[in-house]
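Asks: Structure of the sequence below:
(one chain, ligands or ions: 1)
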Amino acid sequence: MTLPLPHPALSATDPELAALVGAEEQLQADTLRLIPSENYVSRAVLEASGTVLQNKYSEGYPGRRYYEGQQNIDKIERLAIDRAKALFGVEHANVQPYSGSPANLAVYLAFAEPGDTVMGMALPMGGHLTHGWGVSATGRWFQGVQYGVRQDTGLIDFDEVRELALKERPKIIFCGGTALPRTIDFPAFAEIARESGAVLVADVAHIAGLIAGGAHPSPVPHADVISTTTHKTLRGPRGAMLMSREEHAKALDKAVFPGLQGGPHNQTTAAIAVALHEAAQPSFRDYARAVVANARALADELLARGFDLVSGGTDNHLILMDLTPKDVPGKVAAKALDRAGIVVNYNTVPYDPRKPFDPSGVRIGTPSLTSRGLGTQHMAAVAEWIDRGVTAAGAGDEDALAVIRAEVAELMAAFPAPGLIAQ
Ligand code: DSN
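Replies: This is a model prediction of the structure:
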């Protein structure tokens, strides 16, 4: 099928919007998408998220709704719940959070009171806004105590985390984040949470697909609560889930609804169910392993080209590059790479002397390119393009960026993107 995909009703009703959707389809097809939190969903997931389920209000939970006409919706939500429980091996799953930030807010509502101390990784160290960072509601309404990584290794120092937890006695400890290239040691966090009397929340948004596919250790049974988005490595729609042992089920459910949200987005619930079904297939285990193999190969190729990688490499899907030695600011590099058809995001690195809106680093990852079928044999070319792109960014060489863009488009044309082809 050639792009743009046919959207006959949309094109007839709103050609302006249809053209923009078509342009985005073309962009996603032509570019090398390296943002580690993005992916390509299947056509099945896209179809499920664009159905008449959109039309239905369903406040409450299956069998306990405040609206009638739930004959099908209850079954859909139960299917999503059962599939999440089976895939991750958990006793309880709530599939209603609208996205990762609301899911994490629900955890606060379930286990803490405003003003309580909570602990998480600092945002510039690789954590997430909702883990108690100052500008977030979680840092304004709670006392956010933040841990980081060691400057010399780029790794979490568990002695420091323990010391901080025992001193501050947080109600909640978050582990996980948005720019962590290394395996998260869930047992070590669980021990600290037990010693300090905190609820341990594993925010596995980035690595949920790797966990489901057996390519990263599971937080089960170490974490009290598992929070995740569904659209990153898990390759589902934009949404989120909270999972736990049965003992926390009621508190979490009450926090999501009626505590924080109204009616669940049933079209998203359906698409989550489809994504969980896909993630339970043997081929998804191959995918998860390939994501990690590609990231490791790409990291090696970048190191060979003199790039400075935070923590020296990666164990997962993500690579954080400190471009200070290349003398090119992260934002300048990211914008130049975008012009070269390579989509990344600029990012702070631990102990970054620069500001978050103009930081030293660039964050990349392999979930999307792996979904298109690129393998370790392609990572030298990807690293080479990044290297040439960063050099061109520093030199202001637009011609060089245009050459890279053409080369990238040629390779991507040979690897059609899931969701953008007829299946
Ligand atoms: N925005 C997500 C990411 O890119 O990692 C985290 O919320």
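
Asks: Just give me the neighbour total for whatever residue of the stretch 301-423 of the chain ends up closest to the ligand.
Replies: Closest contact between the stretch 301-423 of the chain and the ligand, by CB to the nearest ligand atom, is at residue 345 (6.9 Å). Using the backbone N, CA and C atoms, a C-beta is placed for each residue, glycine as well. Neighbour count for residue 345, taken as other CB atoms under 10 Å: 21.

Asks: Check the one 5 residues further on too.
Replies: Counted with other CB under 10 Å, the burial measure for residue 350 works out to 22 neighbours.

Asks: Got phi/psi on it?
Replies: Residue 350 adopts backbone torsions of phi -50, psi 140, taken as degrees, to the nearest 10.

Asks: what's the answer for residue 64, then?
Replies: Backbone torsions of residue 64, given as degrees, to the nearest 10, read phi -140, psi 70.

Asks: which residues touch the residue in the stretch 51-200 of the chain that the ligand sits nearest to?
Replies: Residue nearest to the ligand within the stretch 51-200 of the chain: residue 178 (3.6 Å; CB to the nearest ligand atom). By CB atoms under 8 Å, 6 or more residues apart in numbering, the residues touching residue 178 are 37, 123, 126, 127, 128, 205, 206.

Asks: Intersect these with the contacts of the ligand.
Replies: When CB under 6 Å from any ligand atom is applied, the members of the contacts of residue 178 adjacent to the ligand are 37, 128.

Asks: show me the residues around the nearest residue to residue 324 once chain neighbours are set aside that make contact.
Replies: Leaving aside its chain neighbours, residue 324 sits nearest to residue 360 (5.1 Å; criterion: CB to CB, 6 or more residues apart in numbering). Listed by CB under 8 Å, 6+ apart, the contact set of residue 360 reads 322, 323, 324, 329, 330, 348, 349, 352, 353, 354.

Asks: Quick one: mean pLDDT for the top helix by length along the chain?
Replies: Counting by DSSP state H, the longest helix found in the chain is helix 282-304. Averaged across helix 282-304, pLDDT comes to 98.

Asks: Counting by contacts, list what it packs against.
Replies: When contacts are defined as 3 or more CB pairs under 8 Å, 6 or more residues apart in numbering; DSSP states H and E, helix 282-304 packs onto helix 208-212, strand 308-309, strand 318-322, helix 367-371, helix 379-395.

Asks: and the first one with the ligand, contact?
Replies: No - contact check for helix 208-212 against the ligand, using CB under 6 Å from any ligand atom: none in range, with a minimum separation of 12.2 Å.

Asks: need the next SSE after that helix, C-terminal direction.
Replies: strand 225-229 (DSSP states H and E).

Asks: which helices and strands does the helix or strand following that following strand pack with?
Replies: Under the assignment DSSP H and E, the closest C-terminal helix or strand after strand 225-229 is strand 240-244. If you count contacts as 3+ CB pairs under 8 Å, 6+ apart, strand 240-244 packs onto helix 71-88, strand 92-94, helix 100-111, strand 225-229.

Asks: can you do 6 Å?
Replies: Where contact means 3 or more CB pairs under 6 Å, 6 or more residues apart in numbering; DSSP states H and E, strand 240-244 is packed against strand 92-94, helix 100-111, strand 225-229.

Asks: and the shortest one, which strands flank it?
Replies: Going back to what we said before, that points to strand 92-94. Partner strands for strand 92-94, per DSSP bridges, with pairing direction: strand 240-244 (antiparallel).

Asks: List the contacts of the strand it pairs with.
Replies: 84, 88, 90, 92-95, 97, 99-100, 103, 225-229, 252 (CB atoms under 6 Å, 6 or more residues apart in numbering).

Asks: Which parts of the stretch 51-200 of the chain are strands?
Replies: Assigned by DSSP state E, counting those that start in this stretch, the stretch 51-200 of the chain shows strands spanning 60-61, 64-65, 92-94, 117-121, 143-147, 172-175, 199-203.

Asks: pLDDT on the last one, on average?
Replies: Averaged across strand 199-203, the pLDDT comes to 98.

Asks: Which strands and helices lie in contact with it?
Replies: Using 3+ CB pairs under 6 Å, 6+ apart, strand 199-203 sits against strand 172-175, helix 186-196, strand 225-229.

Asks: any idea of the mean pLDDT for the last one?
Replies: Think strand 225-229. For strand 225-229, the mean pLDDT works out to 98.

Asks: returning to what we had before: now, of the contacts of residue 178, which are buried?
Replies: For the contacts of residue 178, a burial check counting by 16 or more other CB atoms under 10 Å picks out 37, 123, 126, 127, 128, 205, 206.

Asks: filter the contacts of residue 360 down to the ones near the ligand?
Replies: Among these, no residue sits close to the ligand (CB under 6 Å from any ligand atom).

Asks: now those: which count as buried?
Replies: The buried subset of the contacts of residue 360 - by 16+ other CB under 10 Å - is 322, 323, 324, 329, 330, 348, 349, 352, 354.

Asks: In strands, which of the residues you listed appear?
Replies: residue 322 (DSSP state E).

Asks: what helix or strand is the residue in the stretch 1-150 of the chain that the ligand sits nearest to on?
Replies: The stretch 1-150 of the chain approaches the ligand most closely through residue 37 (3.3 Å), counting by CB to the nearest ligand atom. Using DSSP H and E, residue 37 falls within no helix or strand.

Asks: Tell me which of the buried ones among the contacts of residue 360 fall in helices.
Replies: Per DSSP H, those map to helices at residue 330.

Asks: tell me which of the buried ones among the contacts of residue 360 is nearest to residue 390?
Replies: Lowest distance from residue 390 to these (CB to CB) belongs to residue 323, with 6.6 Å.

Asks: circling back: so the residue of the stretch 301-423 of the chain closest to the ligand versus residue 320, what's the distance?
Replies: According to CB to CB, to the nearest Å, residue 345 and residue 320 sit 11 Å apart.

Asks: List the contacts of stretch 183-196.
Replies: By CB under 6 Å, 6+ apart, the residues outside stretch 183-196 that reach it are 158, 161-162, 165-166, 169, 173, 175-176, 200, 219, 222, 315.
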